[in-house]
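Peer 1: Please work out how this folds:
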Amino acid sequence: MSAHRKRTSCRICGGPRLRPFLDFGAMPLANSFLRSEEEFAGEQAFPMEMCFCEDCSLVQLRDVIDPEVLFRNYVYVTGTSETVREHNRRYAETVVKLLDLKPGDLVVEAASNDGSLLRCFQEYGVRTLGVEPAANIAEKARAAGVETVNEFFSLRLARQLKAHYGAARAVLANNVLAHVDSPVEFAGGAAHLLEGSGRFIAEVQYVGDLVSNLEYDIAYHEHLCYFSAATLVRLSEAAGMWVTGIERHPVQGGSLRLYAAPQRDRADHAPEALAFVREEEEAGLNRWECYEELARKAADHRAALRNLLERFHEEGKVVAGYGAPAKGNTLLNYCGIGPQLLPFTVDRNPLKVGSFTPGMHIPVLPVSAIEERRPDYVLILAWNFADEIMRQQTDYRIRGGKFVIPVPQPRIV
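Peer 2: Below is the predicted model:
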């Protein structure tokens, strides 16, 4: 069976009118790091094309990679960032207060990664259960004291979990709705698992920020959908839920947090959520022309970033990368930035150190390489953590080092 296939219908409304606007060409899998140069020749690349649904406005990829290929062995862990740790702490506090969670109440997280978020809930005495498909990451969570089921979350699994653990007061889905090819079925599983007073709470990267901040690099094969408030409302309706709230959060370059409840007692969507949808319509997020313009700006950005790095190279300056995030690999491959322009990048994640980035084959070194090699510039590929990174690298800056933040336009700070 092929690891790749193309969709012909929308993931939310099922409509056939998927109109492509940004074709990345053949791209490697953004989290498939290579361990040696011998692996370069056999590396696979797959088509990747962003589309706009002319029926419901969901932005999505046509191209689907078998999730067994993408997620069964994974290198991204949530616990390495100070920013994410603080976000998780506040997130847990908010949900505990909102639902008045008591010891013994069950909180389930789908795609729970290393259990970082659930550990914040454990501090309040609630029961937690993680569901994580990557065996290596699930084992990390268990070692940290978070009971974790090593499976993909689905309606079928939700039924099994409810029968074994009981109904949940909250089902969390952080940065995973975008990863599933059937988000309606996924959200329906969450609805089934909830108590009547429970909430499905999901965080997704916001397509509005993608457009306004030119964050096209958040596109990679794992990210099948790019949500707006309007498409989250439609998703909730299709999954048998009503929206009790939608909030904006700065994490991950700009995110939405959805709160939804099962429609066992039918209610209207929250007025503030519907007001959010109207604001998006006024901003044009539901129109094809918005995304046509995004594609033009992405091409211009590619030229600007390459020109900057080529100028540094001609001047004899050394540029290093900071971070080896999936988004960085999209940026490097789309812009054609290889080891000649970026001889190495660094990362705090030990699962990535010692490897080579997908496609461009840039070595990933420990963060200490910045101090040891003292590059003239550091290109912050993990730009959503730019403030945290620059704070950690104060000594580098004091010695005259400079940072390049690539989005929304390349700038030197």
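Peer 1: where does the protein dip in pLDDT?
Peer 2: 1, 72-80, 265-266 (pLDDT under 70).
Peer 1: Tell me which stretches of the protein form helices.
Peer 2: Remark: helices assigned in the chain by DSSP state H are 67-71, 82-99, 116-122, 135-143, 155-165, 183-193, 207-212, 229-238, 271-283, 288-314, 326-335, 368-373, 386-392, 394-398.
Peer 1: As TSV, those helices with mean neighbour count and distance to residue 22 would be great.
Peer 2: All C-beta spots, glycine's among them, are computed from the backbone N, C-alpha and C. Converted to TSV, the helices of the chain look like this (neighbours: other C-beta atoms under 10 Å; distance: least, C-beta to C-beta, whole Å):
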stretch	mean neighbour count	distance to residue 22
helix 67-71	17	21
helix 82-99	17	27
helix 116-122	23	31
helix 135-143	18	30
helix 155-165	15	32
helix 183-193	24	21
helix 207-212	21	11
helix 229-238	24	18
helix 271-283	15	19
helix 288-314	15	4
helix 326-335	25	9
helix 368-373	14	33
helix 386-392	16	24
helix 394-398	12	34
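Peer 1: Pipe the ones you listed into TSV and attach distance to residue 46 per row.
Peer 2: Below are those laid out as TSV (distance: least, C-beta to C-beta, whole Å):
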stretch	distance to residue 46
helix 67-71	10
helix 82-99	28
helix 116-122	30
helix 135-143	23
helix 155-165	27
helix 183-193	21
helix 207-212	21
helix 229-238	24
helix 271-283	31
helix 288-314	19
helix 326-335	12
helix 368-373	31
helix 386-392	29
helix 394-398	37
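Peer 1: Which of those helices sits closest to residue 21?
Peer 2: helix 288-314 (4.4 Å; C-beta to C-beta).
Peer 1: relative orientation of that closest one and helix 271-283 in degrees?
Peer 2: 70 degrees (axes from the mean of the first three to the mean of the last three C-alpha atoms, to 10 degrees).
Peer 1: Return the angle between stretch directions for helix 288-314 and helix 326-335.
Peer 2: 80 degrees.
Peer 1: Quick check: residue 84 touching residue 250?
Peer 2: No: taking C-beta atoms under 8 Å as the definition, residue 84 is not a contact partner of residue 250, at 11.7 Å.
Peer 1: Can you name the residues bridging to the nearest residue to residue 256 once chain neighbours are set aside?
Peer 2: Leaving out its chain neighbours, the residue that sits closest to residue 256 by C-beta to C-beta, 6 or more residues apart in numbering is residue 206, at 4.8 Å. Under DSSP bridges, the beta-bridge partners of residue 206 are residue 227.
Peer 1: Next, the contact list for residue 206, please.
Peer 2: 227, 228, 248, 254, 255, 256 (C-beta atoms under 8 Å, 6 or more residues apart in numbering).
Peer 1: For this structure, which residue occupies the most central location?
Peer 2: residue 175 (5.0 Å; C-alpha atoms, centre = their mean).
Peer 1: tell me the contacts of that one?
Peer 2: Per C-beta under 8 Å, 6+ apart, neighbours of residue 175: 111, 203, 204, 205, 252, 255.
Peer 1: from the contacts of residue 206, which is closest to residue 238?
Peer 2: Among the contacts of residue 206, and counting by C-beta to C-beta, the member closest to residue 238 is residue 227, at 13.1 Å.
Peer 1: and the closest one, what is it in contact with?
Peer 2: Counted by C-beta under 8 Å, 6+ apart, residue 227 has contacts 58, 177, 178, 204, 205, 206, 207, 235, 256.
Peer 1: Perfect, I'm done here.
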